[in-house]
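Novice: Following is a predicted model, sequence given first.
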Amino acid sequence: MNTLREFFNDTYDWIADCFDTTTKRLKEEGTPMANFAWNFCRIGLKFTFYLFLLLVTIENILLIVSLVSNIF
């Protein structure tokens, strides 16, 4: 579980930096490329969230399987 937390924290920091830089760029430039970068950050955030949920689900399934196998 610690590995998942580290992964999520590192990815969250990257996405937060991504949003900060693209927000500044949008305010300064307002170019289509800045809008593209903003959308890229949003997609990265959604992907990370769903990947984190998937990894936690897999980890919980493996934990349940190991508990059940120890019972029998």
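Specialist: In hand now; what should we look at?
Novice: residues in contact with residue 41?
Specialist: Counting by CB atoms under 8 Å, 6 or more residues apart in numbering, residue 41 touches 15, 18-19, 22. Backbone N, C-alpha and C define where each C-beta goes, glycine included.
Novice: ok, now with 10 Å
Specialist: 14-23 (CB atoms under 10 Å, 6 or more residues apart in numbering).
Novice: Dump those residues into CSV; add secondary structure as well.
Specialist: Converted to CSV, those look like this (DSSP: H, G, I helix; E, B strand; the rest coil):
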residue, secondary structure
14, helix
15, helix
16, helix
17, helix
18, helix
19, helix
20, helix
21, helix
22, helix
23, helix
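Novice: just curious, which of the residues you listed is nearest to residue 37?
Specialist: Using CB to CB, residue 22 comes nearest to residue 37 of those, at 4.4 Å.
Novice: Quickly find the element holding residue 5.
Specialist: helix 2-28 (DSSP states H and E).
Novice: now residue 57
Specialist: helix 32-71.
Novice: In that helix, which residues are buried?
Specialist: 34, 37-38, 41, 45, 48, 52 (16 or more other CB atoms under 10 Å).
Novice: related to what we said a few turns ago, any chance of the contacts of residue 41 in CSV, with neighbour count and distance to residue 60 too?
Specialist: Converted to CSV, the contacts of residue 41 look like this (neighbours: other CB atoms under 10 Å; distance: CB to CB, whole Å):
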residue, neighbour count, distance to residue 60
14, 14, 25
15, 18, 24
16, 12, 27
17, 11, 30
18, 17, 29
19, 16, 30
20, 11, 33
21, 14, 35
22, 20, 34
23, 14, 35
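Novice: Tell me which residue is most central in this structure.
Specialist: residue 48 (2.2 Å; CA atoms, centre = their mean).
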